[in-house]
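predicted model and sequence follow; I will ask about them next.
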Amino acid sequence: MVETAIIGAGPYGLSVATHLAAAGREFRIFGSPLTSWRAHMPKGMQLKSDGFASNISSPDPRSTLKYWCAQRRIPYDDNHLPVSLSTFLDYSAWFQERYVPMLEDSQVVSLARSARGFSLWLEDGEMVEAQRVVLAVGITWFKHSPKALADLPPELASHTYDHQDLSRFAGRKLLVLGAGSSAVDTAVLAGEAGADVTLLARVPAIEYHTMPDPDDMSWLKAITHPSSGIGPGWRSFMCSNAPRLFRRMPAPLRLRATRRHLGPAPGWFMRGRLTATTHLSQTIESAKSYGGGVLLTSRGDDGRVVQVVADHVVAGTGYRADLRRLPFLESSLREEIAQIEHTPHLTDHFETSVTGLYVTGPLAANAFGPLMRFMVGAEYAAPRLTAHLARARVKAVAWKGSPLSPAGGKALRQGLP
């Protein structure tokens, strides 16, 4: 029996574990460290988040990316220098080894209710019972592709999540769908690796982030466009700094804000690097096998039909969090969880309607806002969740020894101390 089990070893899972360890709490954490970042992000990529918003959360001020880079004389800037994927991976490996050495690189294959809380079955056959469980599962199971690609075989259609080495497309015709960071990054890096790339998207224009200007930091701009971990502007500032207030908004307003705010946008450092043939304002009508490749047909907002023939199509169309897609979550437990658009209703402390079951990361975005879609959201979620779990443990211990509890009442009746 363990007090808390954490499922997931990405930035959110590692952050929760670090804070629980610092608080002296008992826990186990399961998962491969940063597997989405290590095996499913393209080589040569740069993080869209600023340096100051690319930390894994810890109470130790020496745990930040800035401190780590300074100790190793690696170039770093809070806002004006993009963080390379390789730098972040080295930093995260150091962080995990230093702060979460107890991580168990094992996958949970089943999570269900038990008489004492929850039962977790691991891939090696071990069964673990936990009083509480924290789901920090990241994006692993949530990749989203257009329905038009559903009937294409894997050798013809895939998702950006499926590719780490884009040199496999060298000398081939590649069609990339989408206009966000993952789509543009894939189109640029595949093109630089020798692919003949076409990019097709629904939006009328690719909205790159604005390049930061260190000479344009007037007090007026600081007031009209305040900085935040998820971008400049008052809406982003409020989403970053008032997630509890966001959670208390009416559900339709929360859902609309989560869907619409911070739409597809590549990093500012990708501007000028995209050389692919581009078709914008397009809606996909069909995609089918054709001559060993793919024939995709789309229609523009002006009614013009575009047909693209490619050897392979990659969907850079993002992720959609959905409890139904967690393969280890037993259906009986899933059905107990109160949901909105297949994501959990959450309390101020990230607890679901199932007592003792907590959720952080992208699955919490419909409750706490777009902040939860970004790594920086762990800096809010991890300490808050840890503080709640510590208080819950204190209350449980106090109740266990109370004369009003079953154990305490029995001791009192027997005249035991």
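Received, thanks.

when you work out contacts or count neighbours from here on, use the C-alpha atoms and nothing else.
Will do.

surely residue 338 and residue 345 touch.
Yes: counting by CA atoms under 8 Å, residue 338 touches residue 345, with 5.7 Å between them.

compare neighbour counts for these two and give me the winner.
residue 345 (22 against 14; other CA atoms under 10 Å).

I'd like the distance between the nearest residue to the more buried one once chain neighbours are set aside and residue 11.
What sits nearest to residue 345 in space, not counting adjacent residues and going by CA to CA, 6 or more residues apart in numbering, is residue 339, at 5.3 Å. Here the criterion is CA to CA, to the nearest Å. By it, residue 339 lies 24 Å from residue 11.

shaky segments in the stretch 301-417 of the chain?
Applying pLDDT under 70 to the stretch 301-417 of the chain picks out residues 393-417.

for the host helix or strand of residue 294, which strands pair with it and how are they oriented?
Assigned by DSSP states H and E, residue 294 falls within strand 293-300. Strand 293-300 has the following strand partners under DSSP bridges: strand 282-290 (antiparallel), strand 305-310 (antiparallel).

for that strand, what is the distance to the chain centroid?
Mean-position distance between strand 293-300 and its chain equals 30 Å (CA atoms, centre = their mean, to the nearest Å).

avg pLDDT for that strand?
Averaged across strand 293-300, pLDDT comes to 98.

and stretch 242-253, by the same measure?
On average, stretch 242-253 scores 91.

what's the answer for stretch 75-94, then?
Per-residue scores along stretch 75-94 average to 96.

hmm, who's touching it?
33-34, 37-38, 43-52, 56, 65-66, 68-70, 212-214, 269 (CA atoms under 8 Å, 6 or more residues apart in numbering).

hmm, try it at 7 Å
38, 44-47, 50-52, 65-66, 68-69, 212 (CA atoms under 7 Å, 6 or more residues apart in numbering).

swap in stretch 168-184?
Under CA under 7 Å, 6+ apart, the answer for stretch 168-184 is 160, 187, 190, 193-201, 206, 264-267, 310-317.

now do the helices in the stretch 51-200 of the chain.
65-72, 85-99, 181-192 (DSSP state H, counting those that start in this stretch).

picking up where we left off before, what separates the residue nearest to residue 345 from residue 321, distance-wise?
Taking CA to CA, one finds residue 339 at 12 Å from residue 321.

please apply the same query to residue 59.
Separation of residue 59 from residue 321 (CA to CA): 28 Å.

who has more neighbours, the two?
Shown here are residue 59 and residue 321; by other CA under 10 Å, residue 321 has more neighbours (25 against 15).

so that one sits against residue 362, correct?
Yes: Residue 321 lies in contact with residue 362 (CA atoms under 7 Å); the separation is 6.2 Å.

make TSV out of the helices of the stretch 51-200 of the chain and add distance to residue 114 and mean neighbour count.
Formatted as TSV, the helices of the stretch 51-200 of the chain follow (distance: least, CA to CA, whole Å; neighbours: other CA atoms under 10 Å):
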stretch	distance to residue 114	mean neighbour count
helix 65-72	40	15
helix 85-99	30	17
helix 181-192	40	25
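
residue 256 is nearest to which of those?
helix 181-192 (21.0 Å; CA to CA).

kindly export that closest one (C-alpha atoms) in CSV.
In CSV, the C-alpha atoms belonging to helix 181-192 read as follows (Å, rounded to 0.1, in the frame of the first residue of the first chain):
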residue,chain,number,x,y,z
SER,A,181,4.0,24.7,-34.3
SER,A,182,4.2,21.0,-34.9
ALA,A,183,3.0,21.3,-38.5
VAL,A,184,5.4,24.1,-39.5
ASP,A,185,8.3,22.6,-37.5
THR,A,186,7.8,19.3,-39.4
ALA,A,187,7.4,21.0,-42.8
VAL,A,188,10.6,23.1,-42.2
LEU,A,189,12.8,20.3,-40.8
ALA,A,190,11.6,17.8,-43.4
GLY,A,191,12.3,20.3,-46.2
GLU,A,192,15.8,20.9,-44.8
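
check contacts around residue 319.
Residue 319 makes contact with 139, 142, 143, 144, according to CA under 7 Å, 6+ apart.

how does the protein divide up, domain by domain?
Using automatic domain parsing, the domain parsing of the chain gives 2-142+319-400, 147-208+265-315.

hmm, back to that, which one of the helices of the stretch 51-200 of the chain lies nearest to residue 19?
helix 85-99 (9.3 Å).

so what's the residue nearest to residue 279 when sequence neighbours are not counted up against?
Among residues not flanking residue 279 along the chain, residue 200 sits closest, at 4.7 Å (CA to CA, 6+ apart). Residues near residue 200 by CA under 7 Å, 6+ apart: 176, 177, 178, 278, 279, 280, 282.

and the last one, what are its bridge partners?
Beta-bridge pairing for residue 282 (DSSP bridges): residue 300.

I figured it hits residue 300, correct?
Yes: look at residue 282 against residue 300 with CA under 7 Å: they come within range, at 4.3 Å.

for the spatially closest residue to residue 268 that is not a sequence neighbour, helix, strand, or coil?
Nearest-residue entry for residue 268: residue 209, 4.6 Å, with adjacent residues in sequence omitted and distances by CA to CA, 6+ apart. Secondary structure, DSSP: H, G, I helix; E, B strand; the rest coil: residue 209 is coil.
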